[in-house]
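# kindly generate the corresponding structure for this input.
(one chain, ligands or ions: 1)
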Amino acid sequence: MGSGAALPIRTARRERPDRRAALLIDPRNGSLLTPVVFVLNGPNLNLLGLREPAIYGAGTLADLEELCRASGSRLGLTVDVRQSNHEGDLVDWIQEARTAAQGIVLNAGALTHTSVAIHDALRAVGVPAIEVHLSNVHARESFRHHSYVSPVAAGVIVGLGPDGYDFALQALARRIARPDPSSEPITA
Ligand code: CA2
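As a prediction, the model looks like this:
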């Protein structure tokens, strides 16, 4: 196997340049579009850097927002970063993403473990969402082990600190460029 295994993947991508480009061109006027990704942070994440650095690190929410915007510009995404302590705001923003964004990075904070409303909103909009947690929720209290977000998420990243947001944006950038991976065979 070795290096031979990578060849079909490169070949498959080269043979479908139109599918990658189709998402990047506005059909109304032919101009290039930059995909939009919402990065949504839930309750108490505004306290980052102020308390509990052993669990959440020393960086502030402003640092995290800056990291997301830098990742976005590197990946060719417009990243819209928001934080709220209110469940309804998160539900409204997820609904807004239906027409305004191609992907969502969501750290719903404690609402991850309680909110059927956020679960329903994610299911309803059908925009791919990556669930992110700074801490490894599975190594913490048992009430953090269940997530209402995970069943409706495209993927889940936990325990990698702020890097998790960067990885989530990378995953969404790939997915946006190739929207239906299941329909694309890896072999040419
Ligand atoms: O690990 C994560 O990212 C969490 O989503 C953070 C939530 C927690 O409820 C989840 O179980 C896991 C809490 C965010 C609160 O952040 C604080 C930061 C500093 C001081 C106090 C809270």
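
# and the residue nearest to Pro151 when sequence neighbours are not counted, backbone torsions?
Leaving aside its sequence neighbours, Pro151 sits nearest to His119 (CB to CB, 6 or more residues apart in numbering; 7.2 Å). From N, CA and C alone the C-beta is placed, and that goes for glycine too. In terms of degrees, to the nearest 10, the main-chain angles of His119 are phi -60, psi -50.

# and what of Asn85?
Backbone torsions of Asn85, given as degrees, to the nearest 10, read phi -90, psi 0.

# neighbours around it, how many?
Neighbourhood size, Asn85 [other CB atoms under 10 Å]: 15.

# what sits against it?
By CB atoms under 8 Å, 6 or more residues apart in numbering, the contact set of Asn85 is 42-44, 46.

# in this structure the residue nearest to Pro151 contacts Val152, no?
Yes: His119 is within contact range of Val152, at 5.8 Å (criterion: CB atoms under 8 Å).

# so which strand or helix has the residue nearest to Gly155 when sequence neighbours are not counted?
Nearest residue to Gly155 in three dimensions, chain neighbours excluded: Ile130, at 4.9 Å (CB to CB, 6+ apart). Remark: Ile130 resides in strand 129-133, with elements defined by DSSP states H and E.

# report all helices and strands that the helix or strand that comes right after that strand contacts.
Sequence-wise, the next helix or strand downstream of strand 129-133 (DSSP H and E) is strand 155-158. Secondary-structure packing of strand 155-158 (3 or more CB pairs under 8 Å, 6 or more residues apart in numbering; DSSP states H and E): strand 129-133, helix 163-177.

# how about these in TSV, adding mean neighbour count and distance to Ser84?
As requested, the helices and strands packed on strand 155-158 are exported to TSV (neighbours: other CB atoms under 10 Å; distance: least, CB to CB, whole Å):
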stretch	mean neighbour count	distance to Ser84
strand 129-133	27	16
helix 163-177	20	17
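
# just put those in CSV and tack on distance to Arg140 and mean pLDDT.
Output for the helices and strands packed on strand 155-158, formatted as CSV (distance: least, CB to CB, whole Å; pLDDT from 0 to 100):
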stretch, distance to Arg140, mean pLDDT
strand 129-133, 10, 98
helix 163-177, 15, 97
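
# between these, which gets nearest to the ligand?
The ligand sits nearest to strand 129-133 of all these, at 3.6 Å, using CB to the nearest ligand atom.

# does the ligand sit close to stretch 58-67?
No: using CB under 6 Å from any ligand atom, stretch 58-67 stays clear of the ligand, coming no nearer than 8.8 Å.

# quick one: residues contacting the closest residue to Gly42 other than its chain neighbours.
Closest residue in space to Gly42, ignoring its immediate chain neighbours: Gly109 at 3.4 Å, by CB to CB, 6+ apart. By CB under 8 Å, 6+ apart, the contact set of Gly109 is 41-45.
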